[in-house]
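S.K.: Quick one: sequence plus predicted model below, questions after.
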Amino acid sequence: MPVEHFGRGTVPPIPPRVYLDTSFVMRCYFARVMPPGISTGEQLKNASCNNFLAHLNVSAIHLSMLTVEEAIHTAYFKTHIVRMTRLMGFDVRWKDFRKQRPTDFQNARTQGLQEVKRFGAFLETLPIKLIDSNSYIQRPNSISFVIKYAGLVLEKYDTVEVMDTFHVALMRLNRIDWFVTAEQKLGAGFDEFSVLTL
């Protein structure tokens with residue numbers, strides 16, 4: 001099934017139903033709420049995703065609680081806690097940062113909590129359908145199906161990250177064929193699903 005690219009001056013045909021990957025959602029968010037220290041190249045990628053999001057309004061846009069959880073982790077933890085841990089010279093040892101520099105850690109945590117609120121407000125502006133308790137994932141045997149399907153995708157495609165296999169499984173379980181992502185390394189030639197990417 002095809003891999004189509006956006007952000008290259010053309011807009012590919014928009015499918016009727018799409019699933020948004022966390023990487024795409026976060027780039028759209030960071031295009032609107034620019035995090036500190038972002039490079040010009042990253043800004044351009046963020047803007048490309050955000051511009052393409054407007055074209056997706058003609059489609060039924062879906063995301064899962066897995067996407068939301070990963071996005072909140074990025075907004076709170078990666079954007080502020082990990083960044084400040086490194087700036088304070090602790091590399092990725094954020095627990096040492098919390099213990100040895102509690103005031104600085106609390107400041108980073110406060111910024112992270114504010115980021116989560118901004119991200120929540122951003123999500124509310126999107127015309128999305130959330131895969132939640134009313135979705136197929138709650139039906140009998142769905143969890144085991146997701147795990148098996150994710151394992152098959154991981155085994156078959158060495159360009160797909162572990163977490164992305166669960167996104168793909170949730171997407172397919174909910175009868176969605178198109179995966180919208182900002183992961184350019186995802187590759188091509190997938191039999192089970194189609195990809196819209198940078």
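M.R.: Received, thanks.

S.K.: Mind naming the longest helix for this protein?
M.R.: The longest helix of the chain (DSSP state H) is helix 102-124.

S.K.: Surely Trp94 touches Arg83?
M.R.: No. Trp94 is not in contact with Arg83 according to C-beta atoms under 8 Å; the separation is 10.1 Å. Bear in mind the C-beta positions are built from the backbone N, C-alpha and C, glycine included.

S.K.: hmm, who's touching stretch 6-15?
M.R.: Stretch 6-15 has contacts (C-beta atoms under 8 Å, 6 or more residues apart in numbering) with 4-5, 45, 48-49, 51-52, 55-56, 58-59, 177-178, 194, 196-198.

S.K.: Quick one: end-to-end length of that stretch, please.
M.R.: 13 Å (C-alpha to C-alpha, to the nearest Å).

S.K.: buried residues in it?
M.R.: Phe6, Gly7, Ile14, Pro15 (16 or more other C-beta atoms under 10 Å).

S.K.: just stretch 121-128 next, same as before
M.R.: Phe122, Leu123, Ile128.

S.K.: Report the central residue of this protein.
M.R.: Residue closest to the average C-alpha location in the chain (C-alpha atoms, centre = their mean): Thr22, at 0.5 Å.

S.K.: so who does that one touch?
M.R.: Neighbouring residues of Thr22 by C-beta under 8 Å, 6+ apart: Leu66, Thr67, Glu70, Ala71, Thr74, Met163, His167.

S.K.: Mind doing that once more with 6 Å?
M.R.: Thr67, Glu70, Ala71 (C-beta atoms under 6 Å, 6 or more residues apart in numbering).

S.K.: Leaving out chain neighbours, which residue sits closest to the first one?
M.R.: In other words, Thr67. Thr22 (5.0 Å; C-beta to C-beta, 6 or more residues apart in numbering).

S.K.: Put together TSV for the buried residues of stretch 6-15, with distance to Arg98 on each row.
M.R.: Formatted as TSV, these follow (distance: C-beta to C-beta, whole Å):
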residue	distance to Arg98
Phe6	40
Gly7	38
Ile14	45
Pro15	44
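
S.K.: nearest to Arg32, of these?
M.R.: Within these, proximity to Arg32 (C-beta to C-beta) peaks at Gly7, which comes in at 16.6 Å.
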